[in-house]
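Colleague: structure of the sequence below:
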Amino acid sequence: MNDMKKVFGISVATGWLLLAATLAQAESNDSLDALTNAEAQVQLKLEQFARTNADYQLLLEAQKISASLNPRGDRTNLSRLDEGCLRLQLKMLLALAQARDTHYDRNASTNIVYLNVMPPLMVSNQPIAAGMDPNAIKDLTARKAYEDAIAENDGRIEKLNREMALSRGEEYALMDIWIFVKRGFPENSAAQKSAIEIVEKTVADETILNRFKSDTMPGLTW
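Modeller: Okay, the predicted model is just below:
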């Protein structure tokens, strides 16, 4: 339940602060060794996630690693180092997008979550209240129905947390890439043009691609 409150409590303003903090803590990508190390860490977390497809925190951690390397931004042509850093970020963007449930609709009635579940009507005259302890229900049939309802609600909360976290992870990845390409290199330079070409050839999703092409930095939609 606390996890759900944390998810609901993240505002757009907080999101921007988190992004600023991430950028402020970014390491310098002044060596291929740093890139190689980041690639190894990202790959390990991707492999760990692939085993169960459950611990999505691994993807969020991998995205932060991929975004920890800044573009040099002072070269006319895209360096091998900067290209590698960009491709690593794109790899995580696609991994996060793939992990999401594209059919999930948080507004659908079947996905509504409750802070406190109301017990079912019972044959006895025992008072009931939302969020009450199932063990306090004397009617065993009603207790079982209530426990099932709680479990179902917990499942919806878990699903909501996952989809919201992955959505925001994907959007942070897109923001990082936008900054890397649009702000990391001189406008219309050969380096920037090469970086844009890599993005356009790598990202097939038109919605994501159109957001990248925007003149203003993409923000959080959820």
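Colleague: C-alpha from now on. contacts and neighbour counts both.
Modeller: Fine.
Colleague: so which elements touch the longest helix seen in the chain?
Modeller: Taking DSSP state H as the criterion, the chain has its longest helix at helix 140-182. With contacts taken as 3 or more C-alpha pairs under 8 Å, 6 or more residues apart in numbering; DSSP states H and E, helix 140-182 sits against helix 2-8, helix 57-66, helix 80-99, helix 190-202, helix 206-213.
Colleague: go with 6 Å
Modeller: helix 80-99 (3 or more C-alpha pairs under 6 Å, 6 or more residues apart in numbering; DSSP states H and E).
Colleague: neighbours around residue 43, how many?
Modeller: For residue 43, the tally of surrounding residues (other C-alpha atoms under 10 Å) stands at 16.
Colleague: name the helix or strand for it, please.
Modeller: helix 32-52 (DSSP states H and E).
Colleague: can I get that helix as CSV, trimmed to CA atoms?
Modeller: Presented in CSV, the C-alpha positions along helix 32-52 are these (Å, rounded to 0.1, in the frame of the first residue of the first chain):
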residue,chain,number,x,y,z
LEU,A,32,35.8,4.0,-23.6
ASP,A,33,36.5,2.0,-20.4
ALA,A,34,33.7,3.9,-18.7
LEU,A,35,31.4,3.1,-21.5
THR,A,36,32.4,-0.5,-21.5
ASN,A,37,31.7,-0.8,-17.8
ALA,A,38,28.3,0.8,-18.2
GLU,A,39,27.4,-1.5,-21.1
ALA,A,40,28.3,-4.5,-18.9
GLN,A,41,26.2,-3.3,-16.0
VAL,A,42,23.2,-2.6,-18.2
GLN,A,43,23.5,-6.0,-20.0
LEU,A,44,23.7,-7.8,-16.7
LYS,A,45,20.5,-6.1,-15.4
LEU,A,46,18.7,-6.8,-18.7
GLU,A,47,19.6,-10.5,-18.4
GLN,A,48,18.5,-10.6,-14.8
PHE,A,49,15.1,-9.0,-15.7
ALA,A,50,14.6,-11.4,-18.7
ARG,A,51,14.7,-14.4,-16.3
THR,A,52,11.4,-13.7,-14.7
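Colleague: average pLDDT for it, rounded please.
Modeller: Mean per-residue pLDDT for helix 32-52: 96.
Colleague: specify the angle between it and helix 57-66 in degrees.
Modeller: Calculated by axes from the mean of the first three to the mean of the last three C-alpha atoms, to 10 degrees, helix 32-52 forms an angle of 170 degrees with helix 57-66.
Colleague: quick check: buried residues in helix 32-52?
Modeller: By 16 or more other C-alpha atoms under 10 Å, the buried positions in helix 32-52 come out as 34, 35, 38, 39, 42, 43, 45, 46, 48, 49.
Colleague: since that was my last question, I'll sign off now.
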